[in-house]
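1. give me a 3D structure for the following:
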Amino acid sequence: MSSLTLPDPIAAYFVADTQGPDQVAQCFTPKAVVKDDDHLFTGRDAIRAWKKAADAKYSCTTEPFSLDLMEGVHAVKAHVAGNFKGSPLDMTFFFRLERGLIASMEVTV
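-> Coordinates of the predicted model:
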């Protein structure tokens, strides 16, 4: 990972992203929401299933390179490279944090 300093819950997410669905799910609040590819996944079980399906379909690396805070939302831009159409891409991950965990995350291109 780069020398970019991310808030602890966000840094933990990017580490967990390399470890598996169970580790990713634990980065979120019990009622967290993930929006990815125009789909919503609510709660840790749904987030775990989303990550498991994504891992089965794609293999990629994610390297965060910038962080902005706007109205309580952390926008992390990351270079994502892998076995998907259009790779590599710069994607933005929008995080809302709550009590040391991720309450919501949206992934956009």
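2. who does the longest helix anywhere in the chain touch, helix- and strand-wise?
-> Counting by DSSP state H, the longest helix found in the chain is helix 44-57. Applying 3 or more CB pairs under 8 Å, 6 or more residues apart in numbering; DSSP states H and E, we find helix 44-57 packed against helix 21-25, strand 28-36, strand 39-42. (Each C-beta comes from the backbone N, C-alpha and C, glycine too.)
3. can you do 7 Å?
-> In terms of contact count using 3 or more CB pairs under 7 Å, 6 or more residues apart in numbering; DSSP states H and E, helix 44-57 is assigned the packing partners helix 21-25, strand 28-36.
4. quick one: average pLDDT of the very next helix or strand once past it?
-> Toward the C-terminus, helix 44-57 is succeeded by strand 60-70 as the next helix or strand (DSSP states H and E). Regarding strand 60-70, the rounded mean pLDDT is 95.
5. can you check stretch 11-24 too?
-> Summarised as a single mean, pLDDT over stretch 11-24 is 96.
6. just to revisit the earlier point, select, out of the helices and strands packed on helix 44-57, the one closest to T61.
-> With CB to CB as the measure, helix 21-25 is the member of those nearest T61 (15.1 Å).
7. now the closest one: buried residues?
-> For helix 21-25, burial by neighbour count (16 or more other CB atoms under 10 Å) applies to P21, Q23, V24, A25.
8. residues contacting the residue nearest to the second one when sequence neighbours are not counted?
-> Nearest residue to Q23, sequence neighbours excluded (CB to CB, 6 or more residues apart in numbering): A16, at 3.8 Å. A16 makes contact with Q23, V24, C27 under the criterion CB atoms under 7 Å, 6 or more residues apart in numbering.
9. what's the helix or strand for S3?
-> When elements are defined using DSSP H and E, S3 is found to belong to no helix and no strand.
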